[in-house]
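S.K.: this one's sequence-less:
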DNA sequence: TTGAACTACTTTGTATCCAAAATAGCGCAC
DNA sequence: GTGCGCTATTTTGGATACAAAGTAGTTCAA
């Protein structure tokens, strides 16, 4: 099987800079998503193309592609001739989102219990350790990132690619909803560790 | 509230032609999706940009946007420097897809039962009538379109926008899987009518 | 002071252009 | 005849340029 795209994940650090100099469309979408999850881009903010283009050091062409992708995911909304804005979920959307998560997360956990091998459990535990550590240090940004990451990791171990993809869309939106309707810091789910003890 | 985008759905027929002359990106993505669902674009086929551009009468720019959208939805796969291809789902993906549908469709039905009003039921029944009619006439293309459309309609009436969006992605993929692994004409779900009798 | 209208500027939408990669076609050796 | 390697052509990737739409800023009138 041919290697279809160069893998940027395991590059020598010295090469990293060059890789970051030419981020591809997915990288850009990913970084915007991260920024939203870390509340650096609040709901409703405008994402001007030129601004992003110079920020990422690319032309508007790639930015537009990234925004098109993100709009299809629902993280940004495109208004013709007016530009792209970070989605500002309505109350109804918040309700729908949590209903959807209530539907799929138990399924994920069921799948994890059924499928998880030793290495999976190891990864989960490692993640929880990192999360506890971040909580200890009070590193707010790391906490947010790791908390979302835990759900994503569960979805990955669950093994259903569609559910995983859905979770990848719902997680950032959850962050937006929290910042909109639930300003005080919510300790999303501290008791998930139990789940693992169950399976272990 | 300002009107943000011209609504092409209720145009005078005489204007329709002009509207079709300049299809926007969503239209293009929609039409490609339809073509996949009607098995006019088989799994694995290459979607050359220039070819689509001349077919739709637009430049490659819009086609590329449409393709990036569809790739994010999972209906097409993009291989760098090689182009876009209609997704050819693996066996694992087929399994995942049906597992996901088994998870969300009962939820949809529950929501429909809980929420459906009179006008919703009317629409559902009208749809079933159209479907029965197409089956009567043996209009294969109409059957496929209406069959998928019924599930979409259910999802819409169900009222959860995320589940609706997910169904909009899973439906075309289901068509691909059927054409790949299940060649003989499968009468997907003839007994759904019962569902409605239940609620009525 | 407020509001409407006009103008200047900014930003988006789309096509076109050029470079880089991949594919196909051909010739040559074995 | 088959397979390898080279060149020519096609196709994609990405930036640029220009037109169209929107936004803001200013002036003038009520």
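M.R.: Ah, there it is. Keep in mind that this is a model prediction, so the values were computed, not measured. Numbers count the residues shown, from 1 in each chain, chains lettered A, B, ... in the order given.

S.K.: going forward, measure contacts and count neighbours with C-alpha atoms only.
M.R.: Will do.

S.K.: Could you tell me which residues of chain A lie near DNA strand C?
M.R.: Within chain A, the positions near DNA strand C by Cα under 7 Å from any atom of the strand are A:47-50, A:61, A:78-84.

S.K.: Neighbour-wise, give me the winner out of those.
M.R.: residue A:84 (22 neighbours; other Cα atoms under 10 Å in any protein chain shown).

S.K.: Now it. Nearest residue, chain neighbours left out?
M.R.: residue A:78 (4.5 Å; Cα to Cα, 6 or more residues apart in numbering or on different chains).

S.K.: which ones are touching that neighbour?
M.R.: A:68, A:71, A:84-85 (Cα atoms under 8 Å, 6 or more residues apart in numbering or on different chains).

S.K.: Tell me the one among these nearest to residue A:148.
M.R.: Comparing the contacts of residue A:78 against residue A:148 with Cα to Cα places residue A:71 closest, at 20.3 Å.

S.K.: The closest one - that's part of a strand, no?
M.R.: No - residue state for residue A:71 (DSSP: H, G, I helix; E, B strand; the rest coil) corresponds to helix; a strand is not indicated.

S.K.: so where does the residue lying closest to it once chain neighbours are set aside fall, helix or strand?
M.R.: Once flanking residues are discounted, residue A:71 sits nearest to residue A:77: 5.3 Å by Cα to Cα, 6+ apart. Taking DSSP states H and E as the definition, residue A:77 sits inside strand A:76-79.

S.K.: per-residue confidence for residue A:142?
M.R.: On the pLDDT scale, residue A:142 is placed at 80.

S.K.: picking that back up, pretty sure the residue nearest to residue A:71 is touching residue A:84, no?
M.R.: Yes - using Cα atoms under 8 Å, residue A:77 makes contact with residue A:84 at a distance of 5.7 Å.

S.K.: circling back to that earlier point, want to throw the contacts of residue A:78 into a markdown table with secondary structure and pLDDT?
M.R.: Shown next, in a markdown table, are those (DSSP: H, G, I helix; E, B strand; the rest coil; pLDDT from 0 to 100):
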| residue | secondary structure | pLDDT |
| --- | --- | --- |
| A:68 | helix | 96 |
| A:71 | helix | 96 |
| A:84 | strand | 97 |
| A:85 | strand | 97 |
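
S.K.: ok, those residues vs residue A:149, which is closest?
M.R.: Minimum distance to residue A:149 across the contacts of residue A:78 is 21.7 Å, recorded for residue A:71 (Cα to Cα).

S.K.: So which other helices or strands are in contact with the single longest helix found in chain A?
M.R.: Criterion DSSP state H: the longest helix present in chain A is helix A:91-115. Helices and strands touching helix A:91-115, by 3 or more Cα pairs under 8 Å, 6 or more residues apart in numbering or on different chains; DSSP states H and E, are helix A:140-158, helix A:161-181, helix B:161-181.

S.K.: what's in contact with it?
M.R.: Contacts of helix A:91-115 (Cα under 8 Å, 6+ apart): A:154-155, A:157-159, A:163, A:167, A:170, A:174, A:177, A:199, B:103-104, B:160-163.

S.K.: Neighbours of residue A:175, how many?
M.R.: Neighbours of residue A:175 using other Cα under 10 Å come to 19.

S.K.: do residue A:182 as well
M.R.: For residue A:182, the count of nearby residues is 11 (other Cα under 10 Å).
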